[in-house]
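Chemist: pasting a predicted model and its sequence here:
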Amino acid sequence: MSVPVAGGNTLAPVTVLLIEDDEVIRRSVTMALERYGYRVTSAGDGLTGLELFREGRHDLLLLDVMLPGLDGIGLCRRVRETSMDPILMMSARGDALDVVSGLEAGADDYVVKPVDTAVLVARIRSLLRRATFSPAARPEEPARPAEPAPLVFGDLTIDTAGLEVFHAGEPVALAPSELRLLLEFAANPGVVLDRRTLLRDVWDYGWHGDSRVVDLCVQRLRRKIGAERIETVRGFGYKLRR
């Protein structure tokens, strides 16, 4: 898989940073992704993975939860201090605590090991599609005659053309899933959106997904744009206050 390079037509391979301590899994996942055209950089522990992340640019991070030195949860938090790159976490059991901890730390999605290659690639493609604000994930577009006016909801301003968000005049850094979720709410102000709809439209799930992904992403988004801006409608879903 490749993406257009800004300013030209050359296609650059998508780079995945894989951090997994099990050598057999690390090699098998690397070979599987390379067969799909991805370029994979890998590490066997969290501290080495953090160094690799800081040394070069990667389009997506694929992290195991249980890692020596610095575990996947801690690594995810460290990455989120400086980057909003897509993060996909792997959990050996799909344990609720692992999943919740990873999503709360800033991961965009998770998969359960052993990972089916088709499912893993589908999740990666979905995350990369959602990372539309990243210049490396989309080509430059020709200039348009006019850009849509920013959407304003109280002290929240959403520049849909520049894909920028401001809360009380200050820029807000959003992870790919957070941005897509906010744009979905902004496109339907005052409309209650149920979790299944959000999983389909924001996370591109063509199958039944884990609603915890939605709930925890909403929590993270509330912390960044104001808890009162997104209302919970019990038994139904969420809506953006006008």
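Modeler: That came in fine, so what should we check first?
Chemist: and the strand or helix carrying Leu62, what's buried?
Modeler: Assessed by DSSP states H and E, Leu62 sits inside strand 60-64. Buried positions in strand 60-64, judged by neighbour count with 16 or more other Cβ atoms under 10 Å: Leu60, Leu61, Leu62, Leu63, Asp64. No exception for glycine: its C-beta is placed from N, CA and C like everyone else's.
Chemist: check stretch 119-131 too.
Modeler: Here stretch 119-131 shows Leu120, Val121, Ala122, Arg123, Ile124, Ser126, Leu127, Leu128, Arg130, Ala131 as buried, counting by 16+ other Cβ under 10 Å.
Chemist: now do the strand holding Leu62: which elements does it pack against?
Modeler: Packing partners of strand 60-64 (3 or more Cβ pairs under 8 Å, 6 or more residues apart in numbering; DSSP states H and E): strand 15-19, helix 72-80, strand 87-91, helix 117-130.
Chemist: what is the burial count for the residue lying closest to Tyr205 once chain neighbours are set aside?
Modeler: Excluding the flanking residues, the one nearest Tyr205 by Cβ to Cβ, 6 or more residues apart in numbering is Leu199, at 4.5 Å. Residues lying near Leu199 (other Cβ atoms under 10 Å) number 19.
Chemist: and Leu17, by the same measure?
Modeler: 22.
Chemist: could you list the domains of this structure?
Modeler: With domains defined by automatic domain parsing, the chain comprises 2-137, 151-240.
Chemist: now mean pLDDT too, for these, in CSV please.
Modeler: CSV is the format used below for those (pLDDT from 0 to 100):
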stretch, mean pLDDT
domain 2-137, 84
domain 151-240, 89
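Chemist: which one of the helices and strands packed on strand 60-64 lies closest to Phe166?
Modeler: helix 72-80 (19.7 Å; Cβ to Cβ).
Chemist: what sits up against the closest one?
Modeler: 19, 46, 49-50, 53, 61, 63-67, 70, 85, 87, 89-90, 101-102, 105-107, 175 (Cβ atoms under 8 Å, 6 or more residues apart in numbering).
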